[in-house]
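Asks: Predicted model and sequence below, questions to follow.
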Amino acid sequence: MKRVCLLALLSGMLGFPLSAGAQQEDLEMEIFFAPAETVTSASRHVQPLELSPSAITVLTREDIETAGARTLPEVLRLVPNMDVAMINPLWNVIGIRGRTELTSDRVLLLVNDRDVTQEFFGFPFWSVQSFSMDEVERIEVIRGPGSALYGANAYAGVVNVITRAPGTGPRASLSLRGGERGRTELAARGTQTFGPLSLGIAAGIDREDHWTGRDTLAKEVLRARLEGKINLGKDRGLTLEAGVHQSGGNFYSTMGAVDLRDILAGYARARLDFDLLMMQAIYDRMNFSAAMGMQLLYPDLDLLLAEMPLIEGYEEKLVAQVQHAVELFSNRITYGADYTLTHFNSPILLDPVHLQPEPDHYEHRLGLFAQDELDLSALLEDAIPPTVLTAGLRFDYNSVSDWELSPRASVVFAPSDSHSFRLGYAHAFLKPAFFQSSLYIPLLDVNNLGFEYLGMANKELKNQTIDSLELGYTARFFGEKLVLHCDFAYNWYRNSIWWKYDPEEMEYKEVGGFRYPDINGPGFGFINEPEGENGHNLDLQIIYRPTARTRIFFQAGYRQVINNTTGRYHFSEPALHLAAGGDLGTAQGLTLSLRAFYTGEHHRVLTDPTSVLKPKMFLLVPDYWLLNARLAWKLPVKPFDLSVGLEGFNLLNFRSREHPGLTFPNRPDYGGERLGRRIVLFVHGRL
């Protein structure tokens with residue numbers, strides 16, 4: 001009875017009348033049991049979330065819709081201790097548990113088990129893909145090293161996006177959004193089943209116009225996707241999929257205006273599932289053309305030294321994968337292999353030895369992995385509570401930075417159906433991005449000052465590595481109405497890649513009576529820091545469902561990364577992330593969703609014994625709030641399921657003009673103040 005009074009009070013305050021029938025329905029409602037959650041990413045097969053050997057967060061279709069998220073970065077804010085920074089509408093930086101940098105996410109993005117990393121940059125375009133958020137069924141986020149299964153780039157974690165399969169979901173759907181900042185989005189999807197064959201097709205457009213203010217930011221994305229699946233029986237099927245998206249836009253960088261004139265990306269995928277065997281072949285290609293607008297200036301004389309030419313070319317990637325599993329007694333052994341061939345072609349690339357054009361570059365990658373899961377309770381015939389031991393090892397070779405071994409081990413103990421404990425260790429690595437190891441760009445020497453090329457690349461770079469020791473606890477209380485996830489990790493980092501600026505090693509040139517640093521001398525470039533850093537983090541998430549229509553959540557993340565090197569730079573980087581929110585629904589089809597995100601003040605204390613950077617606090621990120629509200633109303637328009645509503649995003653207490661730096665995590669860029677404030681109207685219909 002108290003629960004009904006509380007719901008009636010909230011409904012009255014919000015202006016949502018509760019009918020007598022709805023009150024009676026609530027009175028008769030029994031204890032709400034959340035469906036048992038399963039995950040596939042942590043072990044490459046379906047298993048209960050409580051028995052996962054990795055810390056993992058699941059974002060469901062409900063999470064995506066109630067958050068009003070239209071891009072992956074927006075919904076990933078719901079993951080504890082997740083860094084989400086928007087550099088511009090086309091470029092987001094994503095990180096997990098710290099060590100997030102502008103030039104590399106250190107997080108692997110999979111879309112239906114397809115690696116969508118752009119190897120040239122070492123990260124994917126998070127907000128520009130061939131699918132809309134309406135097509136996403138669920139997102140699984142491994143919060144911790146994942147190289148033992150996925151190899152390079154699964155350094156800090158893995159984000160696996162699973163879209164709706166052909167034949168599932170509504171037969172047809174149409175979504176239209178529009179509002180502030182010139183935001184317009186149209187997305188459509190349809191699916192049909194013909195006996196054993198299911199087909200799905202989706203298309204859409206997403207546009208953000210030029211915005212007023214001191215920055216010019218714009219984005220336009222056209223996308224289309226076609227997928228078919230032939231059902232060959234239980235756990236057997238053949239999936240064929242192809243997609244394409246074209247995007248472009250412009251923004252300002254710290255070195256000038258950038259015009260992304262055209263990015264055209266497409267892929268084709270074929271996958272065969274046959275019981276415990278999976279085989280997959282993927283072809284990816286991206287054509288690009290960009291006017292970087294970057295200029296090298298001599299600040300004292302305001303003299304233009306050189307310009308970067310038009311950058312154009314293409315990147316293509318061919319992937320072959322095979323995976324098999326064997327179930328023996330109480331063991332499940334999963335093993336597999338994958339091979340990746342990446343080809344880069346661009347007329348701006350030079351041979352760094354002879355400084356001659358070398359447009360074609362190739363990279364070969366090979367990965368072999370095996371993992372054993374031992375169910376001790378089944379082995380001992382249920383003499384002990386469910387206990388699963390997991391051990392795995394992966395070997396990776398790539399032609400850029402040689403080879404790496406990535407082990408993992410964990411034990412999960414579940415003394416009851418409501419509690420589980422996890423202890424694990426994992427090693428992961430991040431291979432150097434192509435621009436860090438191989439990029440040499442010819443420059444336009446506009447004033448004949450002797451500038452030939454820009455080459456900060458280093459072919460001797462090693463893989464960055466991380467070792468992580470993790471503790472986890474998951475619990476369910478009050479008839480599974482309240483779910484608690486708590487994780488702690490201690491991490492060791494080695495061979496971190498830094499951009500080097502060393503005045504002591506700097507070489508200088510003299511032209512026309514003035515000296516300037518040699519940008520291709522030993523004082524510039526990318527280097528490995530051979531010593532290391534360590535850090536720790538604590539993640540907490542609480543989800544409470546008092547009724548089937550009501551949900552409340554709270555999450556917190558704290559971390560600190562400390563650089564212990566004996567070299568030049570030493571830093572300490574603490575960070576605090578908080579989030580809370582809830583959803584309230586009524587029998588009349590109204591749903592009110594509120595989200596609040598807080599980033600506590602975090603900074604790097606950077607000390608440098610040279611005269612260039614005196615020991616001091618180098619960068620300070622102010623704390624800020626991000627508020628998100630959504631009001632949706634389902635209309636009884638048969639045979640359609642029609643929803644209309646309003647979404648609002650508001651970024652508070654962030655002095656963007658005072659902090660134009662773009663390097664550090666979980667912060668909008670200098671245009672972020674406007675990016676974070678918008679009101680959008682939406683209409684969404686399903687059949």
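Replies: Okay, I see it.
Asks: from here on, contacts and neighbour counts on C-alpha atoms
Replies: Noted.
Asks: Output stretch 38-52 as CSV - backbone C-alpha positions only.
Replies: Output in CSV follows, covering the C-alpha atoms of stretch 38-52 (Å, rounded to 0.1, in the frame of the first residue of the first chain):
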residue,chain,number,x,y,z
THR,A,38,23.8,-13.2,-19.6
VAL,A,39,26.9,-11.9,-21.5
THR,A,40,28.9,-13.2,-24.4
SER,A,41,31.9,-10.9,-24.6
ALA,A,42,33.9,-11.9,-21.5
SER,A,43,34.5,-15.5,-22.6
ARG,A,44,33.2,-15.5,-26.2
HIS,A,45,30.2,-17.6,-25.3
VAL,A,46,26.9,-17.1,-23.4
GLN,A,47,27.3,-17.2,-19.6
PRO,A,48,25.6,-15.7,-16.6
LEU,A,49,26.9,-12.2,-15.8
GLU,A,50,27.6,-13.2,-12.2
LEU,A,51,30.1,-15.9,-13.5
SER,A,52,31.9,-13.6,-15.9
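Asks: residues of that stretch that come out buried?
Replies: By 16 or more other CA atoms under 10 Å, the buried positions in stretch 38-52 come out as 39, 41-44, 49-52.
Asks: Pairing partners for the residue nearest to the spatial centre of the chain in the sheet, please.
Replies: Closest to where the C-alpha atoms of the chain average out (CA atoms, centre = their mean) is Ile94, at 5.0 Å. Counting by DSSP bridges, Ile94 is bridged to Val84.
Asks: Okay, it and Phe123: tell me how far apart.
Replies: Ile94 sits at a distance of 9 Å from Phe123 (criterion: CA to CA, to the nearest Å).
Asks: Kindly report the same for Gln371.
Replies: Distance from Gln371 to Phe123, counting by CA to CA: 27 Å.
Asks: now do Pro639
Replies: 43 Å.
Asks: sorry, back to before: I figured the residue nearest to the centre of the chain hits Leu72, correct?
Replies: No - the pair Ile94 / Leu72 is not scored as a contact, 9.9 Å apart, by CA atoms under 8 Å.
Asks: about what we covered before: between Pro639 and Phe123, who's got more neighbours?
Replies: Remark: of Pro639 and Phe123, Phe123 carries more neighbours, 23 against 8, as counted by other CA atoms under 10 Å.
Asks: how much space between the more buried one and Asp360?
Replies: Phe123 is 21 Å from Asp360, by CA to CA.
Asks: before we move on, what about Arg494?
Replies: Here Arg494 is placed at a distance of 31 Å from Asp360 (CA to CA).
Asks: same thing with Tyr339?
Replies: In terms of CA to CA, Tyr339 sits 20 Å off from Asp360.
Asks: Which one of these two is surrounded by more residues?
Replies: Counted by other CA under 10 Å, Tyr339 and Asp360 do not tie: Tyr339 has more neighbours, with 18 against 15.
Asks: Just confirm the more buried one is within a strand.
Replies: Yes - under DSSP: H, G, I helix; E, B strand; the rest coil, Tyr339 sits within a strand.
Asks: That one reaches Arg365, doesn't it?
Replies: Yes - Tyr339 sits in contact with Arg365 when judged by CA under 8 Å, with a separation of 5.7 Å.
Asks: Report the contact partners of the closest residue in space to His684 that isn't next to it in sequence.
Replies: Leaving aside its sequence neighbours, His684 sits nearest to Ser175 (CA to CA, 6 or more residues apart in numbering; 4.3 Å). Counting by CA atoms under 8 Å, 6 or more residues apart in numbering, Ser175 touches 134, 185-188, 682-685.
Asks: now, which of the residues you listed sits nearest Leu355?
Replies: Closest approach between the contacts of Ser175 and Leu355, by CA to CA: Glu185, at 45.6 Å.
Asks: Need the three-state assignment for Asp134.
Replies: Classified using three-state DSSP, Asp134 is helix.
Asks: give me the number of residues near Asp417?
Replies: Look at Asp417: counted by other CA under 10 Å, it has 11 neighbours.
Asks: what about the residue nearest to His684, distance to Ala187?
Replies: Going from Ser175 to Ala187 by CA to CA gives 5 Å.
Asks: what sits in contact with each of the two?
Replies: With CA under 8 Å, 6+ apart as the test, Ser175 and Ala187 both reach Asp134.
Asks: Could you give the bridge partners of the residue lying closest to Asp641 once chain neighbours are set aside?
Replies: In this structure, Asp641 finds its nearest non-sequential neighbour in Arg686, 4.9 Å apart by CA to CA, 6+ apart. Note on Arg686: beta-bridge partners Ser173, Asp641, judged by DSSP bridges.
Asks: Next secondary structure after the helix or strand harbouring the residue nearest to His684?
Replies: Using DSSP states H and E, Ser175 falls within strand 172-179. The first helix or strand that comes after strand 172-179 along the chain, using DSSP H and E, is strand 183-194.
Asks: so how far is that following strand off the chain centroid?
Replies: The chain centre lies 24 Å from the centre of strand 183-194; the measure is CA atoms, centre = their mean, to the nearest Å.
Asks: Give me the distance from the helix or strand just after that strand to the chain's centre.
Replies: For strand 183-194, the succeeding helix or strand toward the C-terminus, using DSSP H and E, is strand 197-208. Computed by CA atoms, centre = their mean, the separation of strand 197-208 from the middle of its chain amounts to 21 Å.
Asks: Just the CA atoms of the helix or strand following strand 197-208, as PDB, please.
Replies: The first helix or strand that comes after strand 197-208 along the chain, using DSSP H and E, is strand 218-233. The C-alpha trace of strand 218-233 is given here as PDB (Å, rounded to 0.1, in the frame of the first residue of the first chain):
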ATOM      1  CA  ALA A 218      29.600  20.500 -38.400                       C
ATOM      2  CA  LYS A 219      28.900  16.900 -39.100                       C
ATOM      3  CA  GLU A 220      26.900  15.000 -41.700                       C
ATOM      4  CA  VAL A 221      26.600  11.200 -41.900                       C
ATOM      5  CA  LEU A 222      24.700   9.100 -44.400                       C
ATOM      6  CA  ARG A 223      24.400   5.400 -43.600                       C
ATOM      7  CA  ALA A 224      22.900   2.200 -44.900                       C
ATOM      8  CA  ARG A 225      23.100  -1.400 -43.800                       C
ATOM      9  CA  LEU A 226      21.800  -4.700 -45.200                       C
ATOM     10  CA  GLU A 227      21.800  -8.000 -43.300                       C
ATOM     11  CA  GLY A 228      20.500 -11.500 -44.000                       C
ATOM     12  CA  LYS A 229      20.600 -14.700 -42.000                       C
ATOM     13  CA  ILE A 230      19.800 -18.300 -43.100                       C
ATOM     14  CA  ASN A 231      18.700 -20.500 -40.300                       C
ATOM     15  CA  LEU A 232      20.400 -23.900 -40.600                       C
ATOM     16  CA  GLY A 233      19.000 -25.300 -37.300                       C
END
